[in-house]
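S.K.: sequence and predicted structure, then a few things I'm wondering about:
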Amino acid sequence: MINARRSSGFTLIELLVVIAIIAVLIELPHSDEKRDITIRKSDANNANKNANKSAPEI
């Protein structure tokens with residue numbers, strides 16, 4: 001006879017899924033700030049490259 005034993009706790013997979021969902025929800029408000037910072041850095045790099053191209057060579 002097979003013993004059907006069911007524990008009342010959570011499985012490891014369930015806990016990992018809950019932790020992953022919480023991590024995503026915590027990160028969502030910060031994604032806009034990170035995108036803005038990345039765009040500003042990219043714009044600054046492009047401005048520097050354009051300035052270097054248009055500078056007269058000595």
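M.R.: Happy to help now that I have it.
S.K.: what about the helices in the chain?
M.R.: For the chain, the helices defined by DSSP state H cover 12-54.
S.K.: for it, which spans come out with low pLDDT?
M.R.: 1-7, 54-58 (pLDDT under 70).
S.K.: switch to 50 and redo it
M.R.: Low-confidence segments of the chain (pLDDT under 50): none present.
S.K.: how many residues are close by Ala23?
M.R.: Using other CB atoms under 10 Å, the number of residues around Ala23 comes to 9. All C-beta atoms are positioned from the backbone trio N, CA, C, and that covers glycine.
S.K.: ok, now Thr38?
M.R.: Counted with other CB under 10 Å, residues neighbouring Thr38 total 10.
S.K.: any idea how far it lies from Asn45?
M.R.: Distance from Thr38 to Asn45, counting by CB to CB, to the nearest Å: 11 Å.
S.K.: tell me the buried residues in stretch 33-47?
M.R.: Neighbour counts over stretch 33-47 (16 or more other CB atoms under 10 Å) mark no residue as buried.
S.K.: report the backbone C-alpha coordinates of that stretch in PDB.
M.R.: Output in PDB follows, covering the C-alpha atoms of stretch 33-47 (Å, rounded to 0.1, in the frame of the first residue of the first chain):
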ATOM      1  CA  GLU A  33      14.700  55.800 -14.100                       C
ATOM      2  CA  LYS A  34      17.300  53.300 -15.500                       C
ATOM      3  CA  ARG A  35      16.000  53.900 -19.000                       C
ATOM      4  CA  ASP A  36      16.300  57.700 -18.600                       C
ATOM      5  CA  ILE A  37      19.800  57.400 -17.200                       C
ATOM      6  CA  THR A  38      20.800  55.100 -20.100                       C
ATOM      7  CA  ILE A  39      19.300  57.500 -22.700                       C
ATOM      8  CA  ARG A  40      21.200  60.500 -21.100                       C
ATOM      9  CA  LYS A  41      24.500  58.600 -21.100                       C
ATOM     10  CA  SER A  42      23.900  57.600 -24.700                       C
ATOM     11  CA  ASP A  43      23.100  61.200 -25.700                       C
ATOM     12  CA  ALA A  44      26.200  62.500 -23.900                       C
ATOM     13  CA  ASN A  45      28.400  59.900 -25.700                       C
ATOM     14  CA  ASN A  46      26.900  60.800 -29.100                       C
ATOM     15  CA  ALA A  47      27.500  64.500 -28.400                       C
END
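S.K.: alright, I will stop here.
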